[in-house]
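> model this:
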Amino acid sequence: MTHVVEPMTRADAPRCAELETVLFPGDDPWSADAFLAELSTPHNRYVVVRGDDGVAVGYAGISLLGSPGGAGESEVHTIGVDPNAQRQGIGGLLLGALLDVADRHGGPVFLEVRTDNDAAIELYRREGFEIVGTRTGYYRPSGADAYSMVRRTGGDA
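Numbering: from 1, shown residues only. You can find the predicted model right below:
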């Protein structure tokens, strides 16, 4: 199957919320309303990858902050891939789409990731992110720690 990244629609919100409950059960998973709120914010960009049946198997979102081309920066809000579709490159495809948007916006890209999420940390490192700090008890209600990571320079932007 060829995976294609496309903009998230309002109709995707319930499926993304369903995936959140599977992927982040101990850390206050986002609701469909939370995804709808993110989609309604002009400086956010959310994308999905669909399976053969047209249902989202992965999603990701980024916030573009500051001034484009000037003192801009971006923050990855979330990336999630259905456990049945993991290890197929979907996470990298989603992150790549977010980084393309961030590179056009300009400036560094920030994110937080659970300190025990080795697969995600490896993916972020491959894309030029580095750990710049630890946020103790960042995830709620589990109390899991997070690394703060930054990608200081983008592509040609």
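> helices or strands next to the longest helix seen in the chain in the packing?
When the chain is parsed with DSSP state H, its longest helix is helix 90-105. Applying 3 or more C-beta pairs under 8 Å, 6 or more residues apart in numbering; DSSP states H and E, one finds that helix 90-105 makes contact with strand 5-7, strand 44-50, strand 56-65, strand 73-81, strand 109-114, helix 118-126. Where you see a C-beta, it was placed from the backbone N, CA and C, and this is true even at glycine.
> now those in JSON lines, with mean neighbour count and distance to Leu36?
Formatted as JSON lines, these follow (neighbours: other C-beta atoms under 10 Å; distance: least, C-beta to C-beta, whole Å):
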{"stretch": "strand 5-7", "mean neighbour count": "14", "distance to Leu36": "14"}
{"stretch": "strand 44-50", "mean neighbour count": "21", "distance to Leu36": "10"}
{"stretch": "strand 56-65", "mean neighbour count": "23", "distance to Leu36": "12"}
{"stretch": "strand 73-81", "mean neighbour count": "21", "distance to Leu36": "14"}
{"stretch": "strand 109-114", "mean neighbour count": "21", "distance to Leu36": "22"}
{"stretch": "helix 118-126", "mean neighbour count": "15", "distance to Leu36": "25"}
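> Mind putting those into CSV with distance to Arg140 and mean pLDDT?
Converted to CSV, the helices and strands packed on helix 90-105 look like this (distance: least, C-beta to C-beta, whole Å; pLDDT from 0 to 100):
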stretch, distance to Arg140, mean pLDDT
strand 5-7, 29, 96
strand 44-50, 21, 97
strand 56-65, 19, 97
strand 73-81, 15, 96
strand 109-114, 12, 96
helix 118-126, 18, 94
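> For Thr136, which of those is the nearest?
Evaluated over the helices and strands packed on helix 90-105, closeness to Thr136 peaks at strand 109-114, with 11.9 Å, by C-beta to C-beta.
> Partner strands of that closest one and their direction?
strand 73-81 (parallel), strand 146-151 (antiparallel) (DSSP bridges).
> Would you mind listing the residues in contact with Gly72?
Leu64, Leu65, Gly66, His105, Gly106, Gly107 (C-beta atoms under 8 Å, 6 or more residues apart in numbering).
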